[in-house]
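Visitor: no sequence on this one, just coordinates:
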């Protein structure tokens, strides 16, 4: 695949064989984000675990101190006064059974995160085939199955992100936008790393952080020195 001129120029900033310190990596990624839109900065963490085994799964959620820079649309499945609480807390949509056909039959998916009270999981379960593949199913580990819908919505709107392994044992998450300051990006990144390291399964053997790369939407990946990250 032919790379564009902008990418080729940005790639010159990165020495492929170098493992960078966080400060330098963030600086390079910001410089390489030269698109006409505010690029998302993402972290990609390859972990030394085998996610096929239940005792080596790594999944959770963390509130980034400076948010992700993205407006997140929240849908809450709840009953009675919990619907009102969710909307008062800033949920974009809230309701119950009536939302199922809208999603199932009309293909309505104008939301980024789904929260549900435990008593609604039977209803939400009927949407598993639609929400599951898109990573939208509420999950207790991510704090999206809860009776405290107010806190869940507030956290998500404040910059809460969910992290989980993909099939190749890599976690992909946004840590901010190119318009963020270097300090904001470093704070967010460090908060994510601390959470992932804390979530290390007892069954994980050997090196846990195999490789850590940060990159902007259109820019080249910058590899970090994982030894230094693990030591912090």
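Guide: Ah, there it is. Since we're looking at a predicted model, the values are computed, not measured.
Visitor: Report the buried residues of stretch 180-192.
Guide: 180, 184, 185, 186, 187, 188, 189, 191, 192 (16 or more other Cβ atoms under 10 Å). Yep, even glycine has a C-beta here, placed from its N, CA and C like the rest.
Visitor: can you put the residues you listed in JSON lines and add pLDDT and secondary structure?
Guide: As requested, the buried residues of stretch 180-192 are arranged in JSON lines below (pLDDT from 0 to 100; DSSP: H, G, I helix; E, B strand; the rest coil):
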{"residue": "180", "pLDDT": "96", "secondary structure": "coil"}
{"residue": "184", "pLDDT": "96", "secondary structure": "helix"}
{"residue": "185", "pLDDT": "97", "secondary structure": "helix"}
{"residue": "186", "pLDDT": "96", "secondary structure": "helix"}
{"residue": "187", "pLDDT": "96", "secondary structure": "helix"}
{"residue": "188", "pLDDT": "96", "secondary structure": "helix"}
{"residue": "189", "pLDDT": "97", "secondary structure": "helix"}
{"residue": "191", "pLDDT": "95", "secondary structure": "helix"}
{"residue": "192", "pLDDT": "96", "secondary structure": "helix"}
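Visitor: quick one: which of the residues you listed is nearest to residue 136?
Guide: Taking Cβ to Cβ as the measure, residue 192 is the one of these closest to residue 136, at 20.6 Å.
Visitor: Pull the contacting residues for the closest one.
Guide: 43, 62, 64, 161, 163, 173, 175 (Cβ atoms under 8 Å, 6 or more residues apart in numbering).
Visitor: Could you chop this protein up by domain?
Guide: 5-67+160-231, 74-157 (automatic domain parsing).
Visitor: Just confirm residue 210 is within a strand.
Guide: Yes: the assignment for residue 210 (DSSP: H, G, I helix; E, B strand; the rest coil) places it in a strand.
Visitor: Quick check, it in contact with residue 49.
Guide: No: assessed by Cβ atoms under 8 Å, residue 210 is found out of contact with residue 49, at 9.1 Å.
Visitor: So between these two, which is more surrounded?
Guide: Between residue 210 and residue 49, counted using other Cβ atoms under 10 Å, the more crowded position is residue 49 (21 against 14).
Visitor: What does the closest residue to the more buried one other than its chain neighbours show for phi and psi?
Guide: In space, and not counting its chain neighbours, residue 49 is closest to residue 56: 4.2 Å by Cβ to Cβ, 6 or more residues apart in numbering. Backbone torsions of residue 56, given as degrees, to the nearest 10, read phi -120, psi 10.
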